[in-house]
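Asker: sequence and predicted structure are below.
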Amino acid sequence: MIFAAILAGGIGSRMGGTDIPKQFLTLGDKPVIVHTIEKFVINEKIDKIIVLTPENFINHTIHLIEKHIPNANDVIVIEGGETRNDTLMNSIEYIKENFGIDDESIIITHDSVRPFVTHRIIEDNIQAARKYGACDTVVPATDTIVESINGETIESIPVRDYYYQGQTPQSFNVNKLFNLITSLTEEESNILTDACKIFTLKDEDVHLVDGEVTNIKITYPYDLKLANTILEDIHD
Amino acid sequence: MINIVYRLKSPKFFEESIDEIELDGVIVRPTYLSICQADQRYYQGSRPAEVLEKKLPMALIHEGIGEVVYDSDGNFKSGDQVVMIPNTPFGEDVCRANYSYNSKFRGSGFDGFTSDLIKLESDRVVKIPEDFNPHVAAFIELISVAYQGISKFDELAITPKDALGVWGDGNLGFITALLLKEKFPDSKVYIFGKHLDNLNLFSFADGIYQIHNVPADLVIDHAFECVGSSASQSAIEQIINLINPQGIINLFGVSEYPIPINTRMVLEKGLTIQGNSRSEREDFVGVVETLKQNPKLFEYLEKLVTNTCEIHSLNDLKEAFDKDYISNFGKTILIWKK
């Protein structure tokens, strides 16, 4: 089976000036999260879409989906966790409890605040996760990357050609991901906030999928303003 | 739903842009696309400045096939292979929809196919069999233009169709000649062109002639002009000289310049001049049926595929257009991975 986990557990501490998590703010005429879920709903290869939100936003999310997305029968809303890994774990546990997963089953994990993800990226994730067991969506780094340990002086400037910026989706073989996450010590679990990093640290290959420069993450108020400006442009 | 569209912003410059589509029709993921001369004229900036200013930014490409992703009405299944119809009627008209001022055309009046997804009305897609060669299926739209011209000609012609002349040794000339041979197996089809290398590829024709070397006693009943540009003038002049009275001159070639025509001889011979542009659903259905019944046609049409380019980035798209521009024969097929 193919599962999608839309990670909407975050409370948006970087957004500022609002108590509403950024995934529920309006982009164009719909909340950001609705735009994101739509991309997965139209992909009929995906069997179940699990949306993970803070507990007090579960009903709100269900109402939004009912209101905006027709034929969203395969969407389930459940509670996310404290950290990204906890949220991810909740989705896997939900899958394990409710569906018989086999060694072929994969999970596409995606930030709810990346509504510009393309169909092509999702398709490439499905293919790569099936073939390689794990993949990460990336774009080549365009800015020079500077390493500084003390935050005051440059330690090194790595060769940019070898560096990419990670986006989402990140997609995995479900059983493999479950086994790796459950093998982490508590200390490792606190440090490893990125699922792909868990794979690389355990010497498992993570395949690269081409992202898009447009696949931006709405993190700061500026991002939402920018995204809204782009959308308003097409409505003129 | 948010959609990413890759538009030509100004000549030779593509950009990503954001669009929104409703989930109330057929949503198709483009797979194989084909560059047309019309796209190339936008890309090169050879359309008049006021046209470019009015139409750009716009996604190019109106020839292509794709895979159905989603259909709100359930007429199509996810994964169905379809050819997309670029002509989009808005309201009824007394003429065919491909000539109606109420129609919009993709890659001309609105966005073409270079995007992540394309939303079309259910009647703007025609299912094609899985075993169709996708490189050829990519330019079914071009074949359908020849098909609709030939269908109209068939209804109009009152004199015999013993000798049919096709002017132009390019893609459209090749396709038109091939369809004529298919539809009128008892007719002789003669090709008139400039480039001997191209003419030699028309091995199915009954005769090939370089335009400066046509036998003095050769006459034709009807003509199909597939030349275009300023060269249309000499082609039409030669057609008028060789055509029998009451023949039909079917014009297909696009020219950016007004073309003078010897109307005195048109009058004297009682000729009919028929313009042809674009095509409609029935033409697409007709082509798909013709190809289903005559799979051998694929062997001939494959000869037209001279460039195949995988498109992963806007730079790949640019390189494909540049490569297409320097090719003097054949179609450039884009395997759409963007």
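Answerer: Yep, it's here.

Asker: tell me which stretches of chain A form strands.
Answerer: A:2-7, A:26-27, A:30-31, A:48-53, A:75-79, A:106-111, A:134-140, A:164-173, A:207-210 (DSSP state E).

Asker: can you tell me the strand partners of the second one and which way each runs?
Answerer: Strand A:26-27 has its sheet partners listed here by DSSP bridges as strand A:30-31 (antiparallel).

Asker: quick one: average pLDDT of the partner strand?
Answerer: Average pLDDT, strand A:30-31: 94.

Asker: do stretch A:34-44 as well
Answerer: Mean predicted confidence for stretch A:34-44 is 96.

Asker: residues in contact with it?
Answerer: Here stretch A:34-44 makes contact (Cβ atoms under 8 Å, 6 or more residues apart in numbering or on different chains) with A:4, A:6, A:23, A:27-28, A:46, A:49, A:51, A:64-65, A:68-69, A:71-72, A:74-75, A:108, A:110-115, A:117-119, A:122-123, B:1-2, B:23, B:27, B:69-70, B:78-79, B:117. For glycine as for every other residue, the C-beta is placed from the backbone atoms N, C-alpha and C.

Asker: near residue B:95, how many other residues are there?
Answerer: Counted with other Cβ atoms under 10 Å in any protein chain shown, residues neighbouring residue B:95 total 10.

Asker: from the contacts of stretch A:34-44, which ones fall inside helices?
Answerer: A:64-65, A:68, A:119, A:122-123 (DSSP state H).

Asker: tell me which of those is nearest to chain B?
Answerer: Nearest to chain B among the ones in helices among the contacts of stretch A:34-44 is residue A:119, at 5.3 Å by Cβ to the nearest Cβ.

Asker: which parts of the stretch 101-250 of chain B sit against chain A?
Answerer: Counting by Cβ under 8 Å from any Cβ of the partner chain, the residues of the stretch 101-250 of chain B close to chain A are B:116-117.

Asker: mind listing the helices for the stretch 151-300 of chain B?
Answerer: Chain-ordered helices for the stretch 151-300 of chain B, with DSSP state H, counting those that start in this stretch as the definition, fall at B:171-183, B:196-199, B:232-242, B:263-269, B:281-293, B:296-301.

Asker: which helices and strands does the helix or strand of chain A with the lowest mean pLDDT pack with?
Answerer: Least confident helix or strand of chain A, by mean pLDDT, DSSP states H and E, is helix A:221-235 with a mean of 77. The contact analysis (3 or more Cβ pairs under 8 Å, 6 or more residues apart in numbering or on different chains; DSSP states H and E) places helix A:221-235 against strand A:26-27, strand B:13-20.

Asker: could the C-alpha coordinates of it be exported in PDB?
Answerer: Presented in PDB, the C-alpha positions along helix A:221-235 are these (Å, rounded to 0.1, in the frame of the first residue of the first chain):
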ATOM      1  CA  PRO A 221       5.100  35.700   7.700                       C
ATOM      2  CA  TYR A 222       7.100  36.900   4.700                       C
ATOM      3  CA  ASP A 223       6.700  33.400   3.000                       C
ATOM      4  CA  LEU A 224       2.900  33.600   3.400                       C
ATOM      5  CA  LYS A 225       2.800  37.100   2.100                       C
ATOM      6  CA  LEU A 226       5.000  36.100  -0.900                       C
ATOM      7  CA  ALA A 227       2.800  33.000  -1.600                       C
ATOM      8  CA  ASN A 228      -0.300  35.100  -1.400                       C
ATOM      9  CA  THR A 229       1.100  37.700  -3.700                       C
ATOM     10  CA  ILE A 230       1.900  35.000  -6.300                       C
ATOM     11  CA  LEU A 231      -1.600  33.600  -6.100                       C
ATOM     12  CA  GLU A 232      -3.300  37.000  -6.200                       C
ATOM     13  CA  ASP A 233      -1.300  37.700  -9.400                       C
ATOM     14  CA  ILE A 234      -3.100  34.900 -11.200                       C
ATOM     15  CA  HIS A 235      -6.500  36.000 -10.000                       C
END
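
Asker: so which residues make contact with that helix?
Answerer: Applying Cβ under 8 Å, 6+ apart, the set of residues contacting helix A:221-235 from outside is A:15-17, A:22, A:25-28, A:32, A:115-116, A:216-218, B:2, B:17-20.

Asker: nearest residue to the middle of the chain?
Answerer: Since no chain was named, I'll use chain A. For chain A, the residue sitting closest to the mean C-alpha position, by Cα atoms, centre = their mean, is residue A:110 at 2.2 Å.

Asker: I was after chain B.
Answerer: Mean-position check on chain B, Cα atoms, centre = their mean. Result residue B:142 at 2.4 Å.

Asker: what about it, distance to chain A?
Answerer: 25 Å (Cβ to the nearest Cβ, to the nearest Å).

Asker: for the nearest residue to residue B:294 once chain neighbours are set aside, which residues are in contact?
Answerer: Counting by Cβ to Cβ, 6 or more residues apart in numbering or on different chains, the nearest residue to residue B:294 once its immediate chain neighbours are dropped is residue B:182, at 6.4 Å. By Cβ under 8 Å, 6+ apart, residue B:182 lies in contact with B:290, B:294, B:297.

Asker: any idea which of those residues is closest to residue A:57?
Answerer: residue B:290 (56.1 Å; Cβ to Cβ).

Asker: these two touch, right, the closest one and residue B:146?
Answerer: No - the criterion here is Cβ atoms under 8 Å, and residue B:290 misses it with residue B:146 at 10.8 Å.

Asker: one step back: and the ones in helices among the contacts of stretch A:34-44 as CSV, adding distance to residue B:217 and neighbour count?
Answerer: Output for those, formatted as CSV (distance: Cβ to Cβ, whole Å; neighbours: other Cβ atoms under 10 Å in any protein chain shown):
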residue, distance to residue B:217, neighbour count
A:64, 78, 19
A:65, 76, 21
A:68, 73, 18
A:119, 60, 21
A:122, 65, 24
A:123, 60, 17
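
Asker: columns distance to residue B:172 and pLDDT on top of those residues, output as a markdown table?
Answerer: Compiled in a markdown table, those are given as follows (distance: Cβ to Cβ, whole Å; pLDDT from 0 to 100):
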| residue | distance to residue B:172 | pLDDT |
| --- | --- | --- |
| A:64 | 51 | 97 |
| A:65 | 49 | 97 |
| A:68 | 46 | 95 |
| A:119 | 33 | 98 |
| A:122 | 38 | 98 |
| A:123 | 34 | 98 |
